[in-house]
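>>> the amino acid sequence is not available; the structure is as follows:
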């Protein structure tokens, strides 16, 4: 009886929301009736209820402005994200700026679920957030490694790492993250 709308800036994030909640989720673009390649759109009338937007660090100023223009007093909005993730591809760091401005009620979650409490990744991430690199950032650790290689060898090195990891892990349990698709 109380409509809940779930949205995210990417299809992958929306799919993950659906998987974890069992509720339908969509991209913000689809929710608002936007097309990727056009500034013109037919705004959809959003129903009264709760709108939860995940992965807010990826939302740029244009998309956020469009989202805000689509809201009305019958919609409650919850923004979810990690201010320390990479900002949006488009202009602005909307989520980080909103949190820094302290203009909205906010709750910061501090318990880390993705790594063991002894993980060296946690200390490394905290140091990077403070603009520092620890002296041991290139040293091999049980839970992370660093391989220095020139850009023209990157694809071959990633292939070697995946092949080595495939000896121990199922391919479905591996993930390769890259800043770009090239």
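That came in fine, so what should we check first? This structure is a prediction, so every number in the text was calculated from the model and none was measured. Residues are numbered from 1 along each chain as shown.
>>> wait, is residue 14 part of a strand?
No: Residue 14 sits outside any strand when classified using DSSP: H, G, I helix; E, B strand; the rest coil, being helix.
>>> quick one, strands of this structure?
Using DSSP state E, the strands found in the chain span residues 4-8, 25-27, 49-53, 75-79.
>>> please convert the ones you listed to TSV, extending it with distance to residue 111, mean pLDDT and mean neighbour count.
For every residue, glycine as well, the C-beta is placed using N, CA and C. Shown next, in TSV, are the strands of the chain (distance: least, CB to CB, whole Å; pLDDT from 0 to 100; neighbours: other CB atoms under 10 Å):
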stretch	distance to residue 111	mean pLDDT	mean neighbour count
strand 4-8	22	96	20
strand 25-27	24	95	20
strand 49-53	20	96	18
strand 75-79	19	96	14
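>>> okay, those strands in TSV with distance to residue 104 next?
Conversion of the strands of the chain to TSV gives the following (distance: least, CB to CB, whole Å):
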stretch	distance to residue 104
strand 4-8	18
strand 25-27	22
strand 49-53	13
strand 75-79	8
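>>> burial check on residue 45, number of neighbours?
By the criterion of other CB atoms under 10 Å, residue 45 has 7 neighbours.
>>> how near is it to residue 31?
11 Å (CB to CB, to the nearest Å).
>>> same deal with residue 7?
5 Å.
>>> longest helix in this protein, by residue count?
Longest helix of the chain, by residue count under DSSP state H: helix 154-166.
>>> can you give the contact residues for it?
147, 149, 174, 176, 178 (CB atoms under 8 Å, 6 or more residues apart in numbering).
>>> hey, where'd the helices end up in the protein?
11-21, 28-32, 61-70, 94-101, 120-129, 154-166.
>>> gap between stretch 58-72 and the chain center?
Chain-centre distance of stretch 58-72: 17 Å, with CA atoms, centre = their mean, to the nearest Å.
>>> buried stuff in it?
58-60, 63-64, 66-67, 70 (16 or more other CB atoms under 10 Å).
>>> kindly report the same for stretch 21-41.
25-29, 31-32, 34.
>>> who are the contact partners of residue 20?
Contacts for residue 20 (CB under 8 Å, 6+ apart) come out as none.
>>> against residue 159, how distant is it?
Taking CB to CB, one finds residue 20 at 31 Å from residue 159.
>>> again with residue 142
From residue 142 to residue 159 the distance is 23 Å (CB to CB).
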